[in-house]
Structures are given as C-alpha cells and as structure tokens.
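Novice: Kindly return the folded structure for what I paste below:
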Amino acid sequence: MDSFHYINNEAQFFVQDAVTESALKEVSQKVHDENRKIPTFVNHSAIPYSIQNHLRPEEMEQIKLTLNKRYDAYTQSLDLQRLQYDPDLVGHDIDMILNQRHCMAAILQIIEKEFPEVFCLNLRNNKLYQLDDLSDIIGKAPKIKILNLSDNELKMALELQKLKELKLEELWLEGNPLCSTFSDHAAYVSLILDCFPNLLRLDGRELYPRAVTEVVLMKPCKESYQGPELLKNLILYFLQQYYFIYDYGDRHTLINVYHEKACFSLSTAFNSMDPDPSALYDYIKNNRNMKDIKDSYLRRKLLKHRNRTIVDALSMLPRTQHDFSSFSIDMWFHTDTMISFAVNGLFRGESNSQNLMFAFTRTFIVTPSMTSMLCILNDQLLVKNISPLNVHTVFTIPGSIPCSSCTPTLSQLQHELEQAFSSLSGMKFEWCRKCLEENGWNYTRAAQVFLILQIQGKIPKEAFKQIT
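Specialist: Got it, this is the predicted structure:
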C-alpha cells in the first residue's frame, strides 16, 4: 500500500496489483467500526505523483538530519520556514518544495517517527497553495497546538477545513491571499473559529479578552515590593489566594498565574517505614525525581512546560485541602524583578479513593506581573507521606472555633467549610459563615465571590484576622 492519506473522514490509498484490488472489493461492507459498516470503493487511477517521485534513502537521511537541527526538544517546536532554501539541503541538491506531495509526505513521515510529540509547527514561507498533503499530519502528530502558515499562497479559507481535526490553540495566517477576502476582521475571526473552536490566538492576537470578573490573583497594594515586611505580606497573600483556587476552585483558572513559558515538575519521597507507601500512587506516576528516572526522554516528558500544559497537569492531580496554619515559608533570594521562596506544609488529599494526609514542599520562582500579584516562572512540588505522630496537627486552625452548643444549626461539614474558608481567605469566622450562607454553602461560588469583592476593595478591613 502506498500514498496513504486521510481526507474528510475517508482513507485514500494507492495499490499496484489486481489481487489486492479484488480483495478490497470483497471486504466492502464486511468490515465495521463501533457504529457502522465501512464501504470500500475501488477506482482505476494513474500512478500518484508522490509515488513517481520517491526520495532516495540517502536523501531521506539528509532531510532527517536537517529537521533534527530545526527541532527544539525543550519547547517541542519544529521550525520549517523557508525549508527549500536550507543550506544543508541545497548543498546536497535536494529540492524540498513543500507544495509538492512527495516532499510533504517525506516531511510527515519523518515527523511521525522522530517528532510525534511536536507541539508547535512553523511552515511559514513555503509557497503552500493547498493543504491536502498537510492534512495527513492529523494522525501523525495530533498534539500540535500551534501552527504557523503565514506568508504562503493560500487563497481560499476552505483549505483550512482540511485541518479542522487538529485541536489548535494558536494559528498564524497573515500574509496569505485569503486574509484579504473578508469584509472585516470580525468575519475573518468568525470563519476561522468555525474550523478551530478551541483557538485562543489568531495571528498573534488574543481572541478572548479577559472578562472583568475573571478570577486572577491581584496585587493587594500599589507599594514597592522592597522591604521584608511587604515581601512577607505579598507572599502570604499570594499563597492564600493560590491555594484558595487550587483546593476549591477550577485549577485551569490558574493559567494566568503562570508565565507562558513556565515549568512545573512533581517529585515524591517515601521510605520503607511509611505507613502506606501506595497512598502516593497518584503522585508517583508523575514523579520526576532524577534519582529515580534514568531515562532522559521520560524526564523531559515529565517536565511540564508552558502554562496551559501545567494547569492541565495540575487539574489531573487529586483534589486537596491545604492547612494554611501549617505553612512555613523560606525566602532565600529576591531582587526587584524576581523572588525565590519555598513553602512547607500539610494537606489532606484524595488518593486511591481515600482521604489521606500528606506533607509537601513547593519551591516557587516568581516575578511581579501586570495582570496578577506574582507570575510563576518555575514551580517544583515535592509530596511525601507523613507519620501518624503528625496527623493530629493537621487542620488545627488557631483562634476560637464556635462550639456546637453555640451554633447548633451548623453541621460538621459546614464547620469544616467555615474553618477552611477562614484559613485560606484570612477572614474571621463570622464573616466566612456569612459569605458561605449567602452562597448556599457552595464553597466554589463563595470563593469566587470573595475574590471578586476583594479585588474591587469591597470587603472591610475588620473582616480579616490580623496576620502576625
């Protein structure tokens, strides 16, 4: 079988003998997937152009070497712009014109074998006038999120339909004739979104401006970050709001707290004396401890790079409830543009359908941000079991807690919600109870309302406990 490609839900391929042709006719309507029988249509054809122009093995090897030079494993990016003029190809008399089927087929074959994890593909300035041949990439590199097709010869937006099965988040089309065929920019954006509904950026522009009520971590004041007391309050405030969302909100909303090119890694630590080492299973499978992981490819894969990948990974981890009163913070370095600190503490987590206690150390490298209080550049999380002797210290929140005789209408669960809300928001119990009651004891909704009101400066100072 040669020249296989996939277009509009149809698999098309070329075969060269009558026996295979007859066999294909016989299996029509006899092969089926989960939903329907699959028909097979056999038609006579001229030999495809791609078959007539197969590249020699030595040429394929040189192309592979060239692509390896153009691939960045750290960002999972493959830069193929102006590939025809690459000196390594020109010097070997290889005319790699990507608007010819056999050339594109060769590139996709190498991508499938060498770079199946590619996240960003740059095809800028390659004289592409149609995307039939590129459509085969859907099955060969399905993780592509960023595609650059700028400065090519695409004349019709219908060509983009051939790539609509890619889950693109960023697309570049500027410099193509099709961009001038729309009456206005809104029509242009609307048609592109019909093809790629998950798209977040088009030609470098954000498609969805942040809503006013979006949950972000805002600066508590406008003063400089200089001085130990201000830095202390800044970090405490940041951690309160970060874990407020991490524990009880949608972790995907933390995307704005991470730098676009931030890194995150998770490690676990346990020993034979742990009461239940298997409790760490949900964390061990993502463990990037370099003492344990010898495979360099696996280490790279377990390093989460870019903010969207990071929040996706965080959302896959078990739900948690951190005890803010157990936190100890060590800041060892700071400048006007960067702060490094570590947080040690305890949390309750769901793992293997159990409600278990864990200890953690989290190391942050952050920088001040225009859109949030701090922007995370690097985040390293270490999770480990805690001994039974430490369990009783978890979730003991300082301050007077209303007893059941004083508040008989509150259930044990409501007490726990009130205490957790107070621990992470910094508000007094009576204010936490009021906020929870007004939101029907829906913790996530109450947390979102709290953050919005705090951002707007509508919560009075007397609502908060004094931080000592």
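
Novice: what stretches of the stretch 101-250 of the chain score poorly on pLDDT?
Specialist: 208-230 (pLDDT under 70).

Novice: Spell out the residue ranges of the strands in the stretch 101-250 of the chain.
Specialist: For the stretch 101-250 of the chain, the strands defined by DSSP state E, counting those that start in this stretch occupy 120-122, 146-148, 170-172, 201-202, 205-206.

Novice: what helices or strands is the fourth one leaning on?
Specialist: Using 3 or more C-beta pairs under 8 Å, 6 or more residues apart in numbering; DSSP states H and E as the contact criterion, the neighbours of strand 201-202 among helices and strands are strand 170-172. Bear in mind the C-beta positions are built from the backbone N, C-alpha and C, glycine included.

Novice: Equivalent analysis for the first one, please.
Specialist: The elements that strand 120-122 packs onto, with contact taken as 3+ C-beta pairs under 8 Å, 6+ apart, are strand 77-79, strand 146-148.

Novice: neighbouring strands for that strand, and are they parallel or not?
Specialist: strand 77-79 (parallel), strand 146-148 (parallel) (DSSP bridges).

Novice: Just put the ones you listed in TSV and tack on distance to Gln321.
Specialist: Listed next are these as TSV, based on distance: least, C-beta to C-beta, whole Å:
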stretch	distance to Gln321
strand 77-79	38
strand 146-148	36
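
Novice: on that earlier part again, what's the most buried one of the helices and strands packed on strand 120-122?
Specialist: strand 146-148 (a mean of 21; mean count of other C-beta atoms under 10 Å).

Novice: Identify the residues contacting that one?
Specialist: The contact list for strand 146-148, computed with C-beta atoms under 8 Å, 6 or more residues apart in numbering, reads 77, 81, 119-124, 163, 166, 168-172.

Novice: wait, Phe364 sits on Asn378?
Specialist: Yes - at 7.2 Å, Phe364 counts as touching Asn378 under the criterion of C-beta atoms under 8 Å.

Novice: From what I see, Phe464 and Lys428 are in contact.
Specialist: Yes - if you go by C-beta under 8 Å, Phe464 and Lys428 touch, sitting 7.0 Å apart.

Novice: Need the per-residue pLDDT for the one residue sitting closest to the centre of the chain.
Specialist: Closest residue to the average C-alpha location of the chain: Thr309 at 2.0 Å, with C-alpha atoms, centre = their mean. Looking at Thr309, its pLDDT is 89.

Novice: So it, which state does it fall into?
Specialist: Put simply, Thr309 is helix when judged by DSSP: H, G, I helix; E, B strand; the rest coil.

Novice: quick one: it and Gly139, what's the gap?
Specialist: Distance, Thr309 to Gly139, using C-beta to C-beta, to the nearest Å: 22 Å.

Novice: And for Glu169?
Specialist: 19 Å.

Novice: now Leu193
Specialist: For Leu193, the distance to Gly139 equals 24 Å [C-beta to C-beta].

Novice: And for Arg124?
Specialist: Where Gly139 is concerned, Arg124 sits at a distance of 23 Å (C-beta to C-beta).

Novice: got it, and Lys465?
Specialist: With C-beta to C-beta as the criterion, Lys465 and Gly139 are 57 Å apart.

Novice: Of Arg124 and Gly139, which one has the most company?
Specialist: When neighbours are counted by other C-beta atoms under 10 Å, Arg124 and Gly139 differ, and Arg124 comes out ahead with 18 against 14.

Novice: The more buried one contacts Asp151, doesn't it?
Specialist: Yes - counting by C-beta under 8 Å, Arg124 does reach Asp151; the two are 5.4 Å apart.

Novice: can you count the residues close to the closest residue in space to Leu239 that isn't next to it in sequence?
Specialist: Spatially, and ignoring its direct neighbours in sequence, Leu239 is nearest to Val343 (6.4 Å; C-beta to C-beta, 6 or more residues apart in numbering). Val343: 20 surrounding residues under other C-beta under 10 Å.
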